[in-house]
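K.L.:
Dropping the sequence and predicted coords here.
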Amino acid sequence: MKTLLRFFFRLLYHQFAFTYDLVAATVSFNRWKDWVMSVIPFIEGMRVLEIGHGPGHLQRVLRSRGLVAVGIDESAQMGRLAKRNLRRDTPSPQSAYTQTNLTRGVAQSLPYPNETFDTIVATFPAEYIFDPKTLVEAGRVLVPGGRFVIMPGAAITGRGTVDRVLAWIFRITGETPQNLSEILRERTKAPFAKAGFQVETHEIDAKSSLVFIVVGTKNQITEEVVHAEKTT
């Protein structure tokens, strides 16, 4: 089942990217965009990097709030789709934005200078998001005290017939196991600490569903502490 799902999601994110919004809305019963937007209250600062920007919907919202939003995605198809979506909502004099602020690349090797961003955000990312290389890169490009905000999944909590069916599908496919919150706490604690993050998990109510959010805060190390460590 998991192998088939990985194959399906790869097709959905690459060759069939043009169907992504429709599929996501259908399988979430029109909750998908609300789940994605649930990360916004956790974003701090002006400079925001979105890893896995997908169709660009969060990019559009971040820009509308006056933030300096940058996106990176491994999928060339998603890159083209996001640029089209953003151009459609952007006056022509600013159309170059989508060329310079959306980049094709991977999270394990971010093409940005050290301490560039105040917040990094990722919604519904694949397994790469917990790769130690990704965590190291996130720590490198974040300012001290910066945030790495991850929304790995959501659980349907409604009691209607459709909600119950969707919740069952999410469970049997492994997309939202019943103990997801505990899994996230155990899975993130040691790797995030090793990469220099303090981590906490949150559960947010959103339209008869529960959204899970992981927030890693980069440790603030002052020059005095670094100097003291070097002299001991």
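P.N.:
Structure received.
K.L.:
Other residues contacting the biggest helix by length in the chain?
P.N.:
Assignment by DSSP state H gives helix 180-194 as the longest helix of the chain. Residues from elsewhere that reach helix 180-194 (Cβ atoms under 8 Å, 6 or more residues apart in numbering): 130, 132, 135, 152-153, 155, 177, 198-199, 201, 203, 212, 214, 216. Where C-beta positions appear, they are placed from N, C-alpha and C, glycine not excepted.
K.L.:
among those, which two are most distant?
P.N.:
Pro132 and Ala155 (26.9 Å; Cβ to Cβ).
K.L.:
Which one's more surrounded, those two?
P.N.:
Neighbours per residue (other Cβ atoms under 10 Å) separate Pro132 from Ala155, with Ala155 holding more: 19 against 12.
K.L.:
so which helix or strand takes in the more buried one?
P.N.:
strand 142-156 (DSSP states H and E).
K.L.:
Run me through the strand neighbours of that strand, direction for each.
P.N.:
In the sheet containing strand 142-156, its partner strands are strand 117-123 (parallel), strand 209-218 (antiparallel), by DSSP bridges.
K.L.:
rank the ones you listed by mean pLDDT and give me the bottom one.
P.N.:
Lowest mean pLDDT within those: strand 209-218, a mean of 90.
K.L.:
and that strand with helix 180-194, angle?
P.N.:
10 degrees (axes from the mean of the first three to the mean of the last three Cα atoms, to 10 degrees).
K.L.:
which stretches of the protein have low pLDDT?
P.N.:
1-13, 15-16, 20-31, 89-100, 156-183, 207, 221-232 (pLDDT under 70).
K.L.:
now the strands for it?
P.N.:
Assigned by DSSP state E, the chain shows strands spanning 47-51, 68-73, 102-104, 117-123, 142-156, 197-205, 209-218.
K.L.:
of all those, which lies closest to Pro41?
P.N.:
strand 197-205 (8.4 Å).
K.L.:
Next, the buried residues of that closest one.
P.N.:
By 16 or more other Cβ atoms under 10 Å, the buried positions in strand 197-205 come out as 197, 199, 201-202, 204.
K.L.:
Quick one: neighbours of Ser109, just the number.
P.N.:
Ser109 is flanked by 9 other residues according to other Cβ under 10 Å.
K.L.:
Thought Thr134 was touching it, still the case?
P.N.:
No. Taking contacts as Cβ atoms under 8 Å, Ser109 lies outside contact range of Thr134: 9.3 Å.
K.L.:
Next, the contact list for Gln108, please.
P.N.:
Applying Cβ under 8 Å, 6+ apart to Gln108 gives the contacts 128, 131, 133-134, 137.
K.L.:
hang on, the earlier thing: and the strands paired with strand 142-156, which is most packed in?
P.N.:
With neighbours taken as mean count of other Cβ atoms under 10 Å, the strands paired with strand 142-156 reach their highest mean count in strand 117-123, at a mean of 25.
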